[in-house]
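> quick check, what structure comes out for this input:
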Amino acid sequence: MTTQYIAAIDQGTTSSRCIVFDHDGRIVSVGQREHRQIFPQPGWVEHDATEIWDNVQIVVREALEAGGLAPSQLAAVGITNQRETTVVWDRETGEPVHNAIVWQDTRTDALTRELAGGIGQERFRERCGLPLATYFAGPKLRWLLDEVDGLRERAERGEVLFGTMDTWIIWKLTGRHVTDVTNASRTMLMNLHTLDWDTEILDAMRIPAQVLPEITSSAEVYGPARGFLEGVPVASALGDQHAALFGQTCFSPGEVKGTYGTGTFMVLNTGTEPVMSSNGLLTTLGYKIGDAPAVYALEGSIAVTGSLVQWVRDNLGLISSAAEIETLARTVDDNGGCYVVPAFSGLFAPHWRSDARGVITGLTGYVNKGHIARAVLEASAWQTREVVDAMRSDSGVELTSLRVDGGMTADNLLMQILADVLDVEVVRPMVAETTCLGAAYAAGLAVGYWPDMESLRANWHKAAEWTPKMDDQVREREYRNWGKAVERTLGWVEHDGA
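Predicted coordinates:
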């Protein structure tokens with residue numbers, strides 16, 4: 001019998017990838033393509049969904065060719081994706097009616113405040129687990145229905161379809177209009193308790209139900225692929241952070257992972273009951289495997305971490321490649337009193353302040369570019385500390401270690417700073433591409449490629465670990481200073497349009 005593999009398509013914020021895995025969860029081959037970031041106005045971020053679909057087809061071919069594989073050697077393909085990014089397309093032609101609106105986009109700020117009305121940001125939290133914020137897909141869909149000429153009428157006639165990027169890719173692959181519970185939980189439109197679209201929220205947001213996809217589990221066969229992958233079962237969908245939780249095999253309540261990429265996302269498994277946050281975290285779905293009960297999670301979303309390093313490279317020119325941030329930061333022993341709070345589009349968890357904007361503070365004549373580089377790395381760690389403190393308060397669970405993944409984990413200095421700031425062990429696995437791995441695992445479970453979740457745990461291996469070295473008094477002093485820097489970011493944007 002020909003050896004079988006699992007492919008995972010990762011449709012991310014800056015690129016699309018396909019990674020092929022073997023039965024041991026090891027990477028066989030990779031294909032990757034970046035797509036354009038479109039900025040029509042300050043605070044607006046868009047993607048061309050057609051360009052992304054074209055790239056997805058290219059990277060799947062590249063990954064198979066790089067591994068010397070035929071599509072028939074794939075037991076299944078799984079999907080993982082940038083979450084909240086919103087696309088609407090014509091049901092008949094498959095043509096998008098507008099560029100996709102990206103999760104970072106803030107154009108719905110006035111709309112979310114209008115929806116909050118006299119009730120406030122927490123208006124729908126008990127039903128959907130989320131505060132009213134520009135981050136989520138529901139308000140983005142409402143904006144499109146309001147602002148694209150004739151779209152609301154077309155939606156009410158059932159002529160257009162809405163989806164996040166998982167839905168778009170699955171529809172293109174199979175012709176089926178579905179999303180999984182993890183992606184649905186990021187729209188603000190799904191009821192956490194029933195795992196179905198919430199009619200009260202749909203009415204409040206003026207969204208016609210006929211545009212919405214069917215909600216499914218995260219691991220089941222949605223249908224056979226068409227085209228280049230003809231006949232291969234499309235068998236999983238997980239939002240990227242949920243996929244990373246699954247790929248890190250955080251299957252028990254209390255286990256937590258942190259993914260360090262464009263932004264940083266901390267996700268804590270809370271078991272089969274949702275835990276409502278009173279500390280600015282999101283209550284979300286962790287995953288749902290087939291007919292098994294859904295697993296819930298608390299998430300802390302940090303908007304800007306890896307993209308801060310890109311900003312230092314592209315906008316300030318202090319480094320010529322992202323990897324050089326570590327080298328520059330190692331030229332100094334500390335931050336020299338400098339703190340960087342990258343509230344480029346407001347602050348996400350645990351603050352949820354759209355009026356915040358970034359600051360570099362504590363500057364003196366002593367501070368040089370090495371100190372700024374160090375402060376840039378520390379910004380990721382202190383933002384993580386804020387989220388971990390909120391998780392501890394909401395769940396009552398003490399963090400004992402942090403499993404990390406994502407591109408930034410290649411920075412060993414950042415990993416040590418994280419261990420110091422959190423005062424816990426930081427662990428990086430052998431396979432750092434846990435987002436793709438989680439999608440592959442879920443697809444493999446759906447088709448019997450792996451027998452059960454315990455067999456996935458056996459695949460997880462530690463590659464490196466960092467233990468805390470910072471003095472307690474220094475840690476708490478620096479955290480206080482970080483808090484003072486965060487305060488300086490607040491109230492910068494005046495919502496009256498001034």
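
> ok, residue 464 - contacts?
Listed by CB atoms under 8 Å, 6 or more residues apart in numbering, the contact partners of residue 464 are 412, 415, 427, 428. Yep, even glycine has a C-beta here, placed from its N, CA and C like the rest.

> can we see that at 6 Å?
By CB atoms under 6 Å, 6 or more residues apart in numbering, the contact set of residue 464 is residue 428.

> tell me how far it lies from residue 16.
Shown here: residue 464 relative to residue 16, a distance of 28 Å by CB to CB, to the nearest Å.

> give me the below-cutoff pLDDT ranges for the protein.
Along the chain, segments meeting pLDDT under 70 span 1-2, 495-498.

> now do the helices in the stretch 301-450 of the chain.
Counting by DSSP state H, counting those that start in this stretch, the segments of the stretch 301-450 of the chain that form helices are 306-311, 324-329, 369-395, 412-422, 434-446.

> do you know which of those helices lies nearest residue 92?
Residue 92 lies closest to helix 434-446 among the helices of the stretch 301-450 of the chain, at 29.2 Å (CB to CB).

> for residue 282, which non-adjacent residue is closest in space?
Spatial nearest neighbour of residue 282, chain neighbours left out: residue 299 (4.5 Å); criterion: CB to CB, 6 or more residues apart in numbering.

> name the residues that touch the helix or strand hosting the one you found?
Secondary structure from DSSP states H and E places residue 299 in strand 295-302. Strand 295-302 is contacted by residues 263-270, 274-275, 281-282, 284, 286-287, 348-349, 383, 387, 391, 394 when judged by CB under 6 Å, 6+ apart.

> kindly report the same for stretch 354-365.
With CB under 6 Å, 6+ apart as the test, stretch 354-365 has contacts from 109, 337-344, 346-347, 485, 488-493.

> now that stretch: how far from the chain's centre is it?
25 Å (CA atoms, centre = their mean, to the nearest Å).

> start and end of it, how far apart?
32 Å (CA to CA, to the nearest Å).

> highest mean neighbour count out of the helices of the stretch 301-450 of the chain?
Counting by mean count of other CB atoms under 10 Å, helix 434-446 has the highest mean neighbour count of the helices of the stretch 301-450 of the chain, with a mean of 31.

> returning to that earlier point: out of the contacts of strand 295-302, which sit inside helices?
Taking DSSP state H as the definition of helices, those contribute 383, 387, 391, 394.

> distance check, the second one against residue 370.
Distance, residue 387 to residue 370, using CB to CB: 27 Å.

> ok, residue 279 next?
In terms of CB to CB, residue 279 sits 34 Å off from residue 370.

> give me the neighbour count for the spatially closest residue to residue 105 that is not a sequence neighbour.
Leaving aside its chain neighbours, residue 105 sits nearest to residue 45 (4.5 Å; criterion: CB to CB, 6+ apart). Neighbour count of residue 45, defined by other CB atoms under 10 Å: 21.

> if I look at residue 45, how far off is residue 253?
In this view, residue 45 and residue 253 are 35 Å apart by CB to CB.

> do the same with residue 114
37 Å.

> neighbour count winner among the two?
residue 253 (18 against 12).

> for the closest residue to the more buried one other than its chain neighbours, list each beta-bridge partner.
Once flanking residues are discounted, residue 253 sits nearest to residue 271: 3.9 Å by CB to CB, 6+ apart. Beta-bridge pairing for residue 271 (DSSP bridges): residue 296.

> surely residue 271 touches residue 255?
No: applying CB atoms under 6 Å, one finds residue 271 not in contact with residue 255, separated by 10.4 Å.

> the more surrounded of those two?
residue 255 (20 against 15).

> how many neighbours does the residue nearest to that one when sequence neighbours are not counted have?
Closest residue in space to residue 255, ignoring its immediate chain neighbours: residue 269 at 5.0 Å, by CB to CB, 6+ apart. For residue 269, the number of neighbouring residues by other CB under 10 Å comes to 23.

> gap between residue 269 and residue 218?
Distance from residue 269 to residue 218, by CB to CB: 14 Å.

> quick one: residue 371 and residue 333, what's the gap?
Residue 371 is 10 Å from residue 333, where distance means CB to CB.
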